[in-house]
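S.K.: Model the structure of this input:
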Amino acid sequence: MPAVSWLLDFCPSEYRLYAGWRRQPVALAWVTTRHIDAQLVAMRQAYREVRVELGEHLTTDGLGQVLADLEAEGVRLLAARRSAGLVYDALQGKRYVPRL
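M.R.: All right, here's what the predicted structure looks like:
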């Protein structure tokens, strides 16, 4: 199933070792959404704390780049979370009505 490979791309490589998740895509989608949620929490915390924790070790430009990178990663993770959540819903049979 293509969704399994796609979901596994958002998880640590070790997740590919677990046959249960490969055979039960709805369980994999469920755990993937939780994994992405945890990454989002970590990125938000890093964004809040980077100035205090690394501010004296980075140049002004370097700090700006780190903040921009954290922001970009947060945006990527938000998109991944939404996508994985939609796959999870679809695997459970949930249907959406298209809006105009």
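
S.K.: Which secondary structure state is assigned to Lys94?
M.R.: Three-state call for Lys94 (DSSP: H, G, I helix; E, B strand; the rest coil): coil.

S.K.: Just the pLDDT at it, thanks.
M.R.: On pLDDT, Lys94 comes in at 93.

S.K.: so where's this protein uncertain?
M.R.: Within the chain, no range satisfies pLDDT under 70.

S.K.: Recalculate using a threshold of 80.
M.R.: 1, 100 (pLDDT under 80).

S.K.: Tell me which other helices or strands the one helix or strand Glu53 maps to touches.
M.R.: According to DSSP states H and E, Glu53 maps onto helix 25-54. Packed against helix 25-54 by the contact rule (3 or more Cβ pairs under 8 Å, 6 or more residues apart in numbering; DSSP states H and E) you find helix 2-8, helix 19-23, helix 60-91. Where you see a C-beta, it was placed from the backbone N, CA and C, and this is true even at glycine.
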